[in-house]
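Engineer: what follows is a predicted structure for the sequence shown.
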Amino acid sequence: MSPPPSQSTNRPPGCLELAPVPALRRRIAAELAAVFAASRPMRLSRAPGRLDVMGGIADYTGSLVCEATLDRAAALALQERHDRELQVVSFNLLDDHLPFTFRMPVDALASASAESLRGDFAEPGRRWAGYIAGCLFILHEQGLIDLRSSAVKGLNLALYSTVPLGAGVSSSAAIEVATMVNLVDHFSLRGRLDPMRLAALCQQVENRIVGAPCGIMDQVTAVSGRAGSLLRLLCQPHELLPPLKLPPGIRVLGINSRVKHSVGGGAYGRTRCAAFMGHRIILEKMRQMGAAAGSPLVADPMRGYLANLDANDYKRLFRPYLPETMKGADFLARYGPTIDTATAVQPDEEYHVQAATDHHVLEAQRVREFVRYLEEAAAQPPGTREQGAPLDKAGHLMYASHVSYTNKAMLGADECDLLVDLVRRHEPAGLYGAKITGGGSGGTVAVLADEGEKADAAIAAIMKTYQQRTGHVPEAFLGSSPGAWEVGSILTGSE
């Protein structure tokens, strides 16, 4: 169960060399020869899934987040048609014996609105296509391409992904980014976009077309992540910091609980909305305090982000004023809407405002400390007591994040609790910490661990015990790969 050999550092691997692109090419030749003509050029792209190491849902409240890319990825093939039709094929749905083809006239896509498409793709069996067709629409809506132009003759798009659905490793962002990179290169737009703009366009697909209220960290990681390092993103709204190199001999890995989660699920949306309600109530309290001191506050000292609120000030000055629960109608009557563009306070919903705000303010502090401890460990000789002490502290912060996911964000899962507990029991084998990832409520647990056979054996034992106790067959995510911007796309058969 050791990780695969690292990629050569002499040059970045090309798109054709990285899984699952070779498998996609083979399947197109064998199964879609009637759709993809071998005589015409075909463009290929891929984007990796991501492992949320620290930060998770605090991205939308401005936290620093630390993300790793996986060697699991989505691959997309593009070939022009000549009938002004868009046809999308999913090999994953074909393998699951589900409807796997989506067709739509390009002109219909051009005349649609984000709202109408969101309704169309919400229909049973069509949501998957929104991640792909939505990229084309967003490029058109933003004026980067003109789908009404005769130059757009139609497109065949084929998807094959090895990023498991519902595992909390961002299968949707991998699909969006693989699609967007392919389209950007096909329409020669790379000179007009930078990686962050591309990620933001993909986030619009997720928020506005598919209807999932995610932050931007998943898309940024799929675009800009580097193999073997942690991507650091300050989500205010998206400032990319230098990659965080892991200490020598240390790795992060994921264990998929096989309990599916959904960012579009109700619990995620309620927690997000409650955090923004907490922000609004704190801001009102700040204004009252300013007025009492004779200097009425107009601006937001948090600059719109709970992550900018000092944790001690929060606990001392503002937390006592947050209600444990609050009815949406009562909040709207007193404070009006929140600043969040992805959620809306529902009048009949009951929100756990204090707990959600606790998680987001304190998670931002945990991430900052986590980075500091990893940097301390990297400065010490590998395998020494001096390196181990900060690694233990970093691991304990992961445990604290996990507990907060369950008790504060209310996005825990019993199976993930079991995996984290098993990691604790195997700490002597070189395991330092673990936490539920991403949107929570199942999915994958991230683990900070030593490299080597001893830790590998511990991970194998954890997975065996987990399967025996739950009946779920877990899987390990051990490898890493570069982001889509670095790899790019490639046009084949163009000679």
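Structural biologist: Thanks, I have the structure now. On a predicted model such as this, the values are computed, not experimentally measured, just so you know.

Engineer: just want the most central residue of the protein.
Structural biologist: Central residue of the chain (C-alpha atoms, centre = their mean): Asp218, 2.6 Å from the mean position.

Engineer: give me the element it is part of.
Structural biologist: Using DSSP states H and E, Asp218 falls within helix 217-224.

Engineer: list phi and psi for Ala227.
Structural biologist: Main-chain dihedrals, Ala227, degrees, to the nearest 10: phi -60, psi 130.

Engineer: how about the strands in the protein?
Structural biologist: Applying DSSP state E to the chain gives strands spanning 42-54, 64-80, 85-90, 101-105, 155-161, 229-234, 239-245, 250-256, 326-327, 350-351, 431-436, 444-450, 475-477, 490-492.

Engineer: quick one: the third one to strand 64-80, angle?
Structural biologist: Think strand 85-90. 120 degrees (axes from the mean of the first three to the mean of the last three C-alpha atoms, to 10 degrees).

Engineer: strand partners of strand 85-90, parallel vs antiparallel please.
Structural biologist: Paired strands of strand 85-90, with direction, are strand 101-105 (antiparallel), strand 155-161 (parallel) (DSSP bridges).

Engineer: what's in contact with the shortest one?
Structural biologist: What it means is strand 101-105. By C-beta atoms under 8 Å, 6 or more residues apart in numbering, the list of residues contacting strand 101-105 from outside reads Arg84, Glu85, Leu86, Gln87, Val88, Val89, Ser90, Arg126, Trp128, Ala129, Ile132, Ala133. The C-beta positions use only the backbone N, C-alpha and C, and glycine is treated the same way.

Engineer: run the last query once more with 7 Å
Structural biologist: With contacts defined as C-beta atoms under 7 Å, 6 or more residues apart in numbering, strand 101-105 is touched by Arg84, Glu85, Leu86, Gln87, Val88, Val89, Arg126, Ala129, Ala133.

Engineer: could you flag which of the residues you listed are buried?
Structural biologist: Buried members of those, counted by 16 or more other C-beta atoms under 10 Å: Arg84, Glu85, Leu86, Gln87, Val88, Val89, Ala129, Ala133.

Engineer: show me the contacts for the fifth one.
Structural biologist: In other words, Val88. Going by C-beta under 7 Å, 6+ apart, the list of residues near Val88 reads Phe102, Ala129, Ile132, Ala133, Leu157.

Engineer: now render those residues as a markdown table, adding distance to Tyr399 and pLDDT.
Structural biologist: Putting those into a markdown table (distance: C-beta to C-beta, whole Å; pLDDT from 0 to 100) gives the following:
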| residue | distance to Tyr399 | pLDDT |
| --- | --- | --- |
| Phe102 | 43 | 97 |
| Ala129 | 40 | 97 |
| Ile132 | 38 | 98 |
| Ala133 | 41 | 98 |
| Leu157 | 42 | 98 |
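
Engineer: just the closest of these to Ala377, please.
Structural biologist: Ile132 (41.0 Å; C-beta to C-beta).

Engineer: how many residues are close by that closest one?
Structural biologist: By the criterion of other C-beta atoms under 10 Å, Ile132 has 28 neighbours.

Engineer: thought it was touching Thr179?
Structural biologist: Yes: the criterion here is C-beta atoms under 7 Å, and Ile132 meets it with Thr179 at 5.0 Å.

Engineer: pLDDT score for Met1?
Structural biologist: You'll see Met1 listed with a pLDDT of 35.

Engineer: check contacts around Val35.
Structural biologist: Contacts of Val35 by C-beta under 7 Å, 6+ apart are Gln87, Val89, Asn156.

Engineer: where's Glu80 relative to Gly452, distance?
Structural biologist: 49 Å (C-beta to C-beta, to the nearest Å).

Engineer: right, I mislabeled it, should have said Ala460
Structural biologist: Taking C-beta to C-beta, one finds Ala460 at 13 Å from Gly452.
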